[in-house]
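Trainee: sequence first, then the predicted structure, then my questions.
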Amino acid sequence: MKRINILLWFVLLAGCSSFQTRAPQSELSRSPWFFEQTFYETHDPFVQSVYLRTGYYLEAEATNFKGCVLYLEGLADSVANHSALFSKLSKAGYRVVFFDYMGQGGSQGSMNNTRIVAPLSSSLQISTQAKFIWDRYSNRKDEYFGRDCSQSKKMVMGWSTGGLATYGLAHEGWADAVVLIAPGIHPKKFVGEAATSPKLMFTLDQVISERTLTRNKFEKNFNPHVDPIKPVSPAVVPLFATNLLLSSEFSQGWEIAKKTDGLVFLSGVEDTYVDRLATEKTLKKKAPHFKVVAYNGALHEIDNELPEVAKDMHEKTVQFFDSFLAKH
């Protein structure tokens, strides 16, 4: 199946929301995946209440449990599409906590109601929802090992749109350590298939496609893209798309304090979703202490790229978190 994630446009809007939960969808019988539906109640007359898919990928039993890592996905993405990365972290002793944005993966609603920066409606911000999810699972013991993340440092990693939201959490000082994967600090306006056919950005046709996200065709290996790409284009969610673009402009002025450790993975200049060179320039100026690793030739979805890229990225991610914890 196809799947998606990436960055592009956005908007400043409002809407209040609160969260409640109900029982898990199903028994997972020792699967590392734990999913449940969390009720997202909005108080905005234009935003309906929805159930979000939330949960975690359990750390491996035979490991020394090190803590929790909060993962923030990209536009049109699904947490279920990153099993290789999550498995690597799990085997190293990390639990990955996650949620799908509205209208993506296993969540109800529309991504059009999600925001990056929204001063008048902070509950619609990815960062606000991320903090809620962290609070929800940090003190909750899992049903297999009886462990929780109450003593864990706030380690956050995000890809594309999620990378931009993670950068925001670093800027405000909430996150202790962050990993940014092709972050949407400098998103391109004509992405994916529209990079070569610009008119597609003005239609509702698909522009976010698997072939524009990674060079890996998965011809002889398991394809991790188990959930479909939705929305298929930023044009389908114009309010979010506008907010994304505006928020990225704001983010280029954000200073990152040295107390927050950071590792950034950048794709090649061939990436049609973000501007690698502009991102490097901004990070050098605003977060000079962040370590940057660039993969020439790689497309946007680095963690599911060709094996030589993906495996290196997975290993460096574990090394970064291990090193961070060793210092703290």
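Mentor: Looks like it came in fine. Numbers count the residues shown, from 1 in each chain.

Trainee: now do the helices in the protein.
Mentor: 83-91, 126-138, 161-171, 210-213, 238-251, 276-286, 307-327 (DSSP state H).

Trainee: what packs against the third one?
Mentor: To tie it back to what came earlier, the one meant is helix 161-171. Contact here means 3 or more Cβ pairs under 8 Å, 6 or more residues apart in numbering; DSSP states H and E; on that basis helix 161-171 packs against strand 67-72, helix 126-138, strand 155-159, strand 177-181, helix 238-251. Heads up, the C-betas are built off the backbone N, CA and C, glycines and all.

Trainee: can you spell out which helices and strands pack onto the second one?
Mentor: Using 3+ Cβ pairs under 8 Å, 6+ apart as the contact criterion, the elements in contact with helix 126-138 are strand 17-24, strand 33-42, strand 50-57, strand 67-72, strand 94-99, helix 161-171.

Trainee: 6 Å instead, please
Mentor: helix 161-171 (3 or more Cβ pairs under 6 Å, 6 or more residues apart in numbering; DSSP states H and E).

Trainee: and if you look at the fourth one?
Mentor: Contacts of strand 177-181 with other secondary structure elements, assessed using 3+ Cβ pairs under 6 Å, 6+ apart, are made with strand 155-159, helix 161-171, strand 261-266.

Trainee: quick one on the thing from earlier: dump the helices and strands packed on helix 161-171 to JSON lines, plus distance to Ala60, mean pLDDT and mean neighbour count.
Mentor: Conversion of those to JSON lines gives the following (distance: least, Cβ to Cβ, whole Å; pLDDT from 0 to 100; neighbours: other Cβ atoms under 10 Å):
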{"stretch": "strand 67-72", "distance to Ala60": "14", "mean pLDDT": "98", "mean neighbour count": "27"}
{"stretch": "helix 126-138", "distance to Ala60": "18", "mean pLDDT": "94", "mean neighbour count": "20"}
{"stretch": "strand 155-159", "distance to Ala60": "17", "mean pLDDT": "98", "mean neighbour count": "29"}
{"stretch": "strand 177-181", "distance to Ala60": "20", "mean pLDDT": "99", "mean neighbour count": "28"}
{"stretch": "helix 238-251", "distance to Ala60": "35", "mean pLDDT": "98", "mean neighbour count": "21"}
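
Trainee: hmm, back to that, turn the helices and strands packed on strand 177-181 into TSV, columns for distance to Asn216.
Mentor: Below are the helices and strands packed on strand 177-181 laid out as TSV (distance: least, Cβ to Cβ, whole Å):
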stretch	distance to Asn216
strand 155-159	15
helix 161-171	20
strand 261-266	15
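
Trainee: and those: which comes nearest Arg115?
Mentor: helix 161-171 (9.7 Å; Cβ to Cβ).

Trainee: relative to helix 126-138, how tilted is the closest one?
Mentor: 80 degrees (axes from the mean of the first three to the mean of the last three Cα atoms, to 10 degrees).

Trainee: just how off-centre is helix 161-171 within its chain?
Mentor: Chain-centre distance of helix 161-171: 9 Å, with Cα atoms, centre = their mean, to the nearest Å.

Trainee: now do that helix and strand 67-72, the angle between them.
Mentor: Going by the same axes, to 10 degrees, helix 161-171 makes 120 degrees with strand 67-72.

Trainee: what's the mean pLDDT across helix 161-171?
Mentor: Rounded to a whole number, the mean pLDDT of helix 161-171 is 98.

Trainee: swap in stretch 216-234?
Mentor: pLDDT averaged over stretch 216-234 gives 96.

Trainee: closest one to Met313 among the helices and strands packed on helix 161-171?
Mentor: Distance to Met313, taken as Cβ to Cβ, is lowest for strand 177-181 among the helices and strands packed on helix 161-171, at 7.7 Å.

Trainee: quick one on the thing from earlier: among the helices and strands packed on strand 177-181, which is nearest Ser122?
Mentor: Closest among those, using Cβ to Cβ: helix 161-171, at 11.5 Å.

Trainee: the closest one: which residues count as buried?
Mentor: For helix 161-171, the neighbour count (16 or more other Cβ atoms under 10 Å) marks Thr161, Gly162, Gly163, Leu164, Ala165, Thr166, Tyr167, Gly168, Leu169, Ala170, His171 as buried.

Trainee: next one: stretch 101-108
Mentor: Quick answer for stretch 101-108 (16+ other Cβ under 10 Å): Tyr101, Met102, Gly103, Gln104, Gly105, Gly106, Ser107, Gln108.

Trainee: turn those into a markdown table, columns for distance to Thr242.
Mentor: Conversion of the buried residues of stretch 101-108 to a markdown table gives the following (distance: Cβ to Cβ, whole Å):
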| residue | distance to Thr242 |
| --- | --- |
| Tyr101 | 16 |
| Met102 | 16 |
| Gly103 | 16 |
| Gln104 | 18 |
| Gly105 | 22 |
| Gly106 | 26 |
| Ser107 | 21 |
| Gln108 | 22 |
